[in-house]
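Enquirer: A structural model of the following input is requested.
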Amino acid sequence: MEIMLLLLVSFVLAALLIQGAVEVSAWIVNKVHRHRANKRARIEAELDRKQAELRAAIYSLASQLGAEAHEARKALIRESYLASRDEFLPPR
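Expert: Okay, the predicted model is just below:
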């Protein structure tokens, strides 16, 4: 009888220890998952910020190139006009 009681107590204690170990393991796994999710969110936010920054830089450079191209076209038209005017004017 005493042996049965000792076996029962030992089984109950073992079950409690196993249950505690499972709960601690689950808590640790959840903590690791939350940490990874937070890290992933931080990295994605940084990538989004960098993407917006690079997009703004690209648009700025494209605008500058467009303005320079416009000025170059104006200069080319002006020079072409001056050259053609000189070519077709009668000498004085």
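
Enquirer: could you use CA atoms for every contact and neighbour count after this?
Expert: OK.

Enquirer: from R40, how far off is the residue nearest to the spatial centre of the chain?
Expert: Computing the C-alpha centroid of the chain and ranking residues by CA atoms, centre = their mean puts L47 first, at 1.9 Å. Remark: distance between L47 and R40 (CA to CA, to the nearest Å) = 10 Å.

Enquirer: same question for I58.
Expert: 26 Å.

Enquirer: again, but for S60
Expert: From S60 to R40 the distance is 30 Å (CA to CA).

Enquirer: and if you look at S63?
Expert: S63 is 34 Å from R40, by CA to CA.

Enquirer: so which bits of stretch 71-90 are buried?
Expert: By 16 or more other CA atoms under 10 Å, stretch 71-90 has no buried positions at all.

Enquirer: quick one: average pLDDT of that stretch?
Expert: If you average the pLDDT over stretch 71-90, you get 84.

Enquirer: now it - C-alpha only, CSV.
Expert: The C-alpha trace of stretch 71-90 is given here as CSV (Å, rounded to 0.1, in the frame of the first residue of the first chain):
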residue,chain,number,x,y,z
GLU,A,71,18.3,73.8,-71.2
ALA,A,72,20.4,71.8,-73.6
ARG,A,73,17.6,71.6,-76.1
LYS,A,74,17.0,75.4,-75.8
ALA,A,75,20.7,76.1,-76.4
LEU,A,76,20.8,73.7,-79.4
ILE,A,77,17.7,75.4,-80.9
ARG,A,78,19.2,78.8,-80.3
GLU,A,79,22.5,77.9,-81.9
SER,A,80,20.7,76.2,-84.8
TYR,A,81,18.6,79.3,-85.4
LEU,A,82,21.6,81.6,-85.2
ALA,A,83,23.6,79.4,-87.6
SER,A,84,20.7,79.1,-90.1
ARG,A,85,20.0,82.9,-89.9
ASP,A,86,23.7,83.6,-90.7
GLU,A,87,23.6,81.2,-93.5
PHE,A,88,20.6,82.7,-95.3
LEU,A,89,21.2,86.4,-94.7
PRO,A,90,22.5,88.2,-97.7
